[in-house]
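Chemist: This is a predicted model, with the sequence first.
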Amino acid sequence: MPELPEVDALAAFLRETALDRVVDRVEPVAVSALKTFDPAPSALHGAALAAVERHGKFLDLVFALPTGERLDLVTHLARAGWLRWKPNQPAAPARPGRGPLALRLTFTDRSGFDLTEAGTQKRLAVHVVRDPAEVPGIARLGVDPLGAAFTVAALEEILAAAGRSQLKGVLTEQARIAGVGNAYSDEALWTARLSPFKPASGLSAAQTASLHAALVGVLTAARDSAAGLAAGELKAEKKANLSVHGRAGLPCPRCGDTVREVSFADRALQYCPTCQTDGRTLADRRLSRLLK
Ligand SMILES: [Zn+2]
């Protein structure tokens with residue numbers, strides 16, 4: 001799933017590659033992905049890409065219509081979505097089907113991009129709006145962890161407000177901190193040597209400062225290593241730089257203990273017992289349910 005660093009890199013890639021290009025056509029192939037109906041996607045025909053912004057994990061393509069009005073194409077790629085840059089889009093209209101194609105945008109020079117989504121859970125969302133704040137998920141976003149407002153004091157307030165909620169859930173809740181998902185929350189908790197299940201309000205001042213440094217450090221490093229990469233190279237780059245996320249069964253790069261996993265209905269978290277939980281193995285609810 002693309003998180004803040006990957007969406008940042010996608011935004012930078014589009015800024016470098018596609019700024020000022022004019023839209024020939026927008027084809028919303030997967031009807032379920034399009035969350036707005038007015039303005040219609042065809043309202044973007046003839047508009048020029050004026051800016052590309054990021055809000056949390058949302059990618060915001062800002063277009064200028066020939067009339068000078070602004071129209072935004074906002075997308076949330078969800079877990080299995082991706083943006084594929086295409087130097088040469090096919091001339092034939094895109095055909096709706098069971099494939100991964102959710103939306104195709106073609107510029108007048110035939111270049112463009114496809115928004116695709118693998119798997120059967122269709123969660124990729126596209127909004128065509130006059131103001132990004134019209135997108136409900138954007139209006140609700142919390143502080144951006146790479147913004148100036150994200151200080152240690154700000155994190156302290158967020159953790160205090162979250163009470164007994166577990167750290168893992170608090171870090172990934174977009175209304176509290178915008179842009180952190182399953183992978184970088186695992187990485188930040190491992191870096192700060194904190195259990196994913198620790199209550200948010202139970203951190204000492206030193207632990208809060210260390211979690212703050214870990215979040216900013218992990219996200220900055222990921223953003224820097226993703227910078228300058230083309231859209232197609234980002235996934236492999238993200239995977240190559242992870243220490244515990246997605247590495248269950250492999251040795252912890254810091255202490256050599258085996259990275260463990262806790263599975264939930266539709267996702268899993270990974271952690272190192274020696275580094276994060278005083279050597280204790282966290283209960284895997286799915287596993288214990290199966291054993292009953
Ligand atoms: Zn370890």
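Modeler: Good, I have the coordinates.

Chemist: Distance-wise, check G147 relative to the ion.
Modeler: To the ion, G147 is 30 Å away according to C-beta to the ion, to the nearest Å. Every C-beta, even on glycine, is put in place using the N, C-alpha and C of the backbone.

Chemist: wouldn't R25 be in contact with T106 here?
Modeler: Yes. The pair R25 / T106 is scored as a contact, 5.3 Å apart, by C-beta atoms under 8 Å.

Chemist: Name the residue in the two with the higher neighbour count.
Modeler: T106 (22 against 18; other C-beta atoms under 10 Å).

Chemist: contacting residues for the more buried one?
Modeler: 23-27, 89, 112 (C-beta atoms under 8 Å, 6 or more residues apart in numbering).

Chemist: gap between it and A64?
Modeler: 18 Å (C-beta to C-beta, to the nearest Å).

Chemist: Now do the helices in the protein.
Modeler: Taking DSSP state H as the criterion, the chain contains helices spanning 4-18, 136-139, 152-162, 167-172, 182-191, 205-226, 234-240, 273-276, 285-291.

Chemist: Closest one of the contacts of T106 to the ion?
Modeler: G112 (44.6 Å; C-beta to the ion).

Chemist: separation between Q276 and the ion?
Modeler: From Q276 to the ion the distance is 7 Å (C-beta to the ion).

Chemist: so that residue touches T191, yeah?
Modeler: No. The pair Q276 / T191 is not scored as a contact, 9.9 Å apart, by C-beta under 8 Å.

Chemist: between these two, which one's more packed in?
Modeler: Q276 (25 against 22).

Chemist: Among the helices of the chain, which comes closest to V52?
Modeler: Closest to V52 of the helices of the chain, according to C-beta to C-beta: helix 4-18, at 4.5 Å.

Chemist: for the closest one, packing partners?
Modeler: strand 48-55, strand 58-64, strand 81-86, helix 205-226, helix 234-240 (3 or more C-beta pairs under 8 Å, 6 or more residues apart in numbering; DSSP states H and E).

Chemist: Quickly note the distance from the residue in the stretch 51-200 of the chain that the ion sits nearest to to V244.
Modeler: Closest to the ion within the stretch 51-200 of the chain is W190: 7.4 Å, counting by C-beta to the ion. Distance of W190 to V244, computed by C-beta to C-beta: 5 Å.

Chemist: intersection of neighbour lists for the two?
Modeler: Counting by C-beta under 8 Å, 6+ apart, the residues touching both W190 and V244 are 252, 271-272.

Chemist: List the ones among these that fall in strands.
Modeler: Y271 (DSSP state E).
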